[in-house]
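# structure for the following, please:
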Amino acid sequence: MRNNRLNSSLDEIDRTILRLLQEDSTLSNAKLAERLSLSVTPCWRRIRRLEEEGFIDGYQANLNRRKLGFGVLAFVQLGFGIHTDDSPNRFEKAILSHPEVLSCHKITGAADYLLQVVAEDLDSYGEFVELVLRAMPGVTSIHSSLALREIKSSSRLPVY
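Alright, predicted model coming up:
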């Protein structure tokens, strides 16, 4: 499915750079320039512009969580009883310090937040729920869904 709303300030070369860097962020500028049939300096300038304008937030390696010992992947829905006090704001600040929380989203629907959490095993996930989530002020409900099998996991955006 093609996204026709992709930022109009990006031309085909910019979009190709973004696609290639999503596939392999270790590509050298020279290799990238070669693939784009550009010289090195204009390629480098385009990459810097994409970084400066915020299209590229950073570079990272995709790691295998299971190889690193994180056998549990949980999706956690959290609810707050009172939304008028400072509890949600304190929660948002506190959750930033927990590296086992891969993502945290304020959402619509029955829950207030959706978290993606990794843990070594069910016991360590249980400890995280008891010692961290249940200890957060204002949290009134916690619903966990554990991933039984990972079908697709990607952070790549569909850049056409």
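
# most remote residue from the chain's center?
Distance from the C-alpha centroid of the chain peaks at Ser39, with 32.6 Å (Cα atoms, centre = their mean).

# do I have it right that that residue meets Ala33?
Yes - Ser39 is within contact range of Ala33, at 6.2 Å (criterion: Cβ atoms under 8 Å). Placement of C-beta: from N, CA and C, glycine included.

# Val118: how many residues sit nearby?
Look at Val118: counted by other Cβ atoms under 10 Å, it has 21 neighbours.

# and it, backbone torsions?
phi -110, psi 150 (degrees, to the nearest 10).

# looking at this, Val76 is in a strand?
Yes - in this structure, Val76 lies within a strand as judged by DSSP: H, G, I helix; E, B strand; the rest coil.

# which residues does it contact?
114-117, 129, 133, 142-145 (Cβ atoms under 8 Å, 6 or more residues apart in numbering).

# by neighbours, which of these wins?
Val117 (23 neighbours).

# bridged to the residue nearest to that residue when sequence neighbours are not counted, which residues?
Nearest non-adjacent residue to Val117, counting by Cβ to Cβ, 6 or more residues apart in numbering: Ala74, 4.6 Å away. For Ala74, the beta-bridge partners are Val117, Leu146 (DSSP bridges).

# starting at the chain centroid, how far to the helix or strand of the chain with the lowest mean pLDDT?
When the helices and strands of the chain are scored by mean pLDDT, DSSP states H and E, helix 87-95 comes last with a mean of 92. Distance, stretch centre to chain centre, for helix 87-95: 18 Å (Cα atoms, centre = their mean, to the nearest Å).
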